[in-house]
Structures are given as structure tokens and as C-alpha cells.
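Student: sequence plus the predicted model coming up.
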Amino acid sequence: MAGKHALILVENLSVPFDRRVWQESLALRQAGWEVSVICPQGTKRDTETYAEIEGVRIYRYPLKAAAGGPLGYLQEYGSALWHTFRLARKVGHVDVVHGCNPPDLYYLLAKRLKRRGTKFIFDQHDLVPELYLSRFNRGEDRLYRAVCWVERQTYRTADVVISTNESYRAAALERGGKRPEEVFVVRSAPAVERFRQVPIEPELKRGKPYLLCYLGVMGPQDGVDYALRALAKLRDEQGRTDWHAAFVGGGDTFDQMVALAAELGLSDQVEFTGRVSDDDLLRYLSAADVCLSPDPLNPLNDVSTMNKVMEYMAMGKPMVSFELKEARVSAGEAALYAPANDESQFAKLVAKLMDDPGERRRMGEIGQARVSGPLSWNESRRHLLAAYAAAVGSAADPGAGVAAPGVGAVVPHPRQRPVEDHHGQVAAGVDDAHPAPSDQSGQ
């Protein structure tokens, strides 16, 4: 595939801050592809309008983040689409256009490019209809139906779909009408070499025996409010005040969460760091005794793979999660699972792990083994190259379509027999899903 040109489109994060997109870009470059990326500018990093990094050409545009409800997102997406069309003309001819959602609007550019022989790969980071239901709580209204229609148009235009997990793959097959050989599972995975233990700094625990840590985005669907209420129950119902908690990351509801912590009387025990440097991230995770994955059960979270879950495992940290299908697929025995949205049970499981250092160590070792083996980026990289080979009609790498059932099975090249996964699922989603070593931005 040497000499072919891929154009990757992403709207919700800048590159290389978007870890998944950056990993994909480098994997393609290493396989001999010419790679261009169109994305928004960052606010504190990735601010240049053009950069060439490790052979990847990155074109960036200014973008004002949505404010308010669905109308704000329509304005944001409209602006992003206009800039994407503008910059695509500057890039010139490409063999593959690789559109990462949300939004599900890049099919409009792909349809134009396909008239010139370009293939379209749809990289489904989120299930947008489920995202709409989970974020806006408006039910299946007219705008929801429009979102579903746009998703169908994207599936219809795509030559190949990349799904972040088996649940997303099932959506592409069932409601997208794609054939099994057109859908590949490419999981988001941390670059494990970037996650390393650093010396524990006791001062991060603020004089307490235990540090609890949340890493990730703080948006309406991310469950930080559930985590804070669970910590209040850890204090009030379990009688535990021997902990300090650090919430690392930012997002739309950051100020609301700080206010909620104060309302619950947690200000002295809960620290909100905002987004931090990679070095500071490693400091907090190295010192953490128990990590929190409080994403509540909703239509999106149940079927999405959260970046923070993968990153906790990369650091060898045990976690407590609510019972979600894809959380269990990803974490397995590296997590304890409370009944969905049950804050009291979540608090009990946190207390249980605090009191059992042997179990914390065992769970951490399980998590590290999973992200270093079956859930590693090396596995996902093979599946990505197989998807590109299918799109352009080239032979896939031997074995690129084979994965262990239940941990990221990928639909193989048409000449191979599909490997089915009974779990179904992904997302980067969510939370999730980005940068290195952490996007701190969710799915």
C-alpha cells in the first residue's frame, strides 16, 4: 500500500492530542501510507493551523465549542464541516477518506470524493443516536430521528466501517446493513509504554491512608456526579473518612461538579485538578489505591469502551465500575461492579478494595496483562491495516483478522472465516473516547 494517500477527518479533538487518531495515523505511516489529517485547533496545544509531525501532515481550523443544547451542536458541526471541505481542497486527491465521528456528517464530503475513486472508511467512535438520547434527555423526538437518518446515510456511503468494539460492530451490521466482511473492530488502546509507575508522593493523599482517583472527561453522561454522591455515602453510610479523592480532567460540567462537591460537604476531601500534564497524570495514578469508573447506565455508556478503564489497567490499578456490558468486556476481573447506578453499592465496593491490598494487587496485575496482550494497540493496529486493505482491495496482513473472542474480535478479510464474539460492543467512546497518555476527555 506504499504511495497511497489517506485523509483522516476528526472534529471533536485536535491531533495529535486525539490519541486514537494519532495512533492510527502513525500506524498508517509506518505501513507506507501518506497521511493527512484535518481537525480543529486546540486551545493550549495543537494551536498551529498547519504542522507536519513524524511525517503526518495536519491541517487545523478554528472551532468554537458548542454551548447550550442541540442547536449549539448544529452550529459547531456546520462550522467544522465548512472548514473540512475548504481544507480538503488544499490536500488534493486521496485514495481513502477516513471519517471519525461524531458528527455523522463526513459522508457528505466522502460522497463527493468517491466520484473520483476515493474509498470511504467510517471510524465510528460513538453511536450518535445513543449519544443524543444520553446527553440531551429529549427522547426520540424529530431531531433524534434526523440523527438516525444521518447515521444511515453514513453507513450507506461507507465502503468499510471501523468499530471500536463488538457492540458498535453489531450496530453497523444490524441497523447499518453492512456485510460482515465490511466491518472491522479496532479497539482504542493506550500506548502501554507511556504508562509507568513513578515514585509515590504521600503528599498527594493529603495525610490520608488512601487515594481514590477519577480520570476523564466531565460531561453530562460521564457520571462524576454519581461518583461524588457515592463518596458522600462512603463517608456517611460506611463511616469512612480515611481517604482523599482526586478528580483529574475537565469538561462541560466541571464547575457544576465542584459546586456539587461543596454541597455534599466534600470540599476538604475531594480535589479537582483540571487537565494536567502527562507527568502529573502519572503522579496521581501511581499514588492511587482505587480508581473510579462511575459512568451510569444509559443507552450510550452500556455499549461504549471508556478510555479511563483502559488507562487504569495500563497503570495496574483496580477500579470500581457500574455494571455495564462493555465495561465488563474491557476490564474483566480488573474491576468490581456495582449494580447499575447504585451509589450505595458503589461506595461499599470502594471500601472493600481499600481494605484488601492483596486483591487490589491481583486486580491490577490482571488489568496490565489485558492491555499488554489481547487489548493492546499492537492487536488493534493489525486490524486497522486489514480494514484499509479491504477498502482498497489489497491483501491483508496474515492473521490480521483474527482476535480472541470476547476481547476485541475483528471481522476478517473476506477470504477468511469471520470470528464471532458473543459479547457484542465499543466506543473511546467514550469515555468514552484520545491523547497521550490520556485524553482526559472521555469515550
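Tutor: Done, it's in. Fair warning: this is a prediction, and the values are worked out from it, not measured in the lab.

Student: please name every helix or strand in contact with the longest helix along the chain.
Tutor: Ranked by residue count, the top helix of the chain under DSSP state H comes out as helix 70-91. When contacts are defined as 3 or more C-beta pairs under 8 Å, 6 or more residues apart in numbering; DSSP states H and E, helix 70-91 packs onto strand 5-9, strand 34-40, strand 56-61, helix 107-114. C-beta here means a position set from N, CA and C on the backbone, and glycine is covered the same way.

Student: what's the closest of the ones you listed to residue 191?
Tutor: strand 56-61 (15.8 Å; C-beta to C-beta).

Student: what's that closest one packed up against?
Tutor: helix 19-30, strand 34-40, strand 50-53, helix 70-91.

Student: and those as JSON lines, adding mean pLDDT and distance to residue 310?
Tutor: Converted to JSON lines, those look like this (pLDDT from 0 to 100; distance: least, C-beta to C-beta, whole Å):
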{"stretch": "helix 19-30", "mean pLDDT": "96", "distance to residue 310": "10"}
{"stretch": "strand 34-40", "mean pLDDT": "98", "distance to residue 310": "22"}
{"stretch": "strand 50-53", "mean pLDDT": "98", "distance to residue 310": "24"}
{"stretch": "helix 70-91", "mean pLDDT": "92", "distance to residue 310": "27"}
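
Student: most packed of these?
Tutor: strand 34-40 (a mean of 25; mean count of other C-beta atoms under 10 Å).

Student: which neighbours does that strand have in its sheet, and in what orientation?
Tutor: strand 5-9 (parallel), strand 56-61 (parallel) (DSSP bridges).

Student: identify whichever of those strands lies nearest to residue 29.
Tutor: For the strands paired with strand 34-40, proximity to residue 29 was assessed by C-beta to C-beta; strand 56-61 is nearest, at 6.0 Å.

Student: can you list contacts of the closest one?
Tutor: Residues from elsewhere that reach strand 56-61, judged by C-beta atoms under 8 Å, 6 or more residues apart in numbering: 14-16, 25-26, 29, 35-42, 46-52, 80, 83-84, 86-87, 90-91.

Student: will you turn the helices and strands packed on strand 56-61 into a markdown table that also has distance to residue 228?
Tutor: Listed next are the helices and strands packed on strand 56-61 as a markdown table, based on distance: least, C-beta to C-beta, whole Å:
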| stretch | distance to residue 228 |
| --- | --- |
| helix 19-30 | 27 |
| strand 34-40 | 30 |
| strand 50-53 | 38 |
| helix 70-91 | 26 |
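
Student: and the helices and strands packed on helix 70-91: which comes nearest residue 260?
Tutor: That would be, of the helices and strands packed on helix 70-91 and by C-beta to C-beta, strand 34-40, which comes in at 29.4 Å.

Student: outside of that closest one itself, list whatever touches it.
Tutor: 3-15, 18, 21, 25, 28-29, 46, 55-63, 80, 83-84, 87-88, 91, 94.

Student: could you give the angle of that strand to helix 70-91?
Tutor: If you take axes from the mean of the first three to the mean of the last three C-alpha atoms, to 10 degrees, strand 34-40 sits at 150 degrees to helix 70-91.

Student: picking up where we left off before, just the CA trace of the longest helix of the chain, in CSV.
Tutor: The C-alpha coordinates for helix 70-91 follow below in CSV (Å, rounded to 0.1, in the frame of the first residue of the first chain):
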residue,chain,number,x,y,z
PRO,A,70,-28.7,20.7,20.3
LEU,A,71,-28.8,24.0,18.4
GLY,A,72,-25.3,24.8,19.7
TYR,A,73,-24.0,21.5,18.3
LEU,A,74,-25.6,22.1,14.9
GLN,A,75,-23.8,25.4,14.7
GLU,A,76,-20.5,23.8,15.8
TYR,A,77,-20.9,20.9,13.3
GLY,A,78,-21.8,23.2,10.5
SER,A,79,-18.7,25.3,11.0
ALA,A,80,-16.5,22.2,11.2
LEU,A,81,-17.9,20.8,8.0
TRP,A,82,-17.4,24.0,6.1
HIS,A,83,-13.7,24.2,7.2
THR,A,84,-13.2,20.5,6.4
PHE,A,85,-14.5,21.0,2.8
ARG,A,86,-12.2,24.0,2.5
LEU,A,87,-9.1,22.2,3.7
ALA,A,88,-9.8,19.0,1.8
ARG,A,89,-9.4,21.0,-1.5
LYS,A,90,-5.9,22.0,-0.2
VAL,A,91,-5.0,18.4,0.5
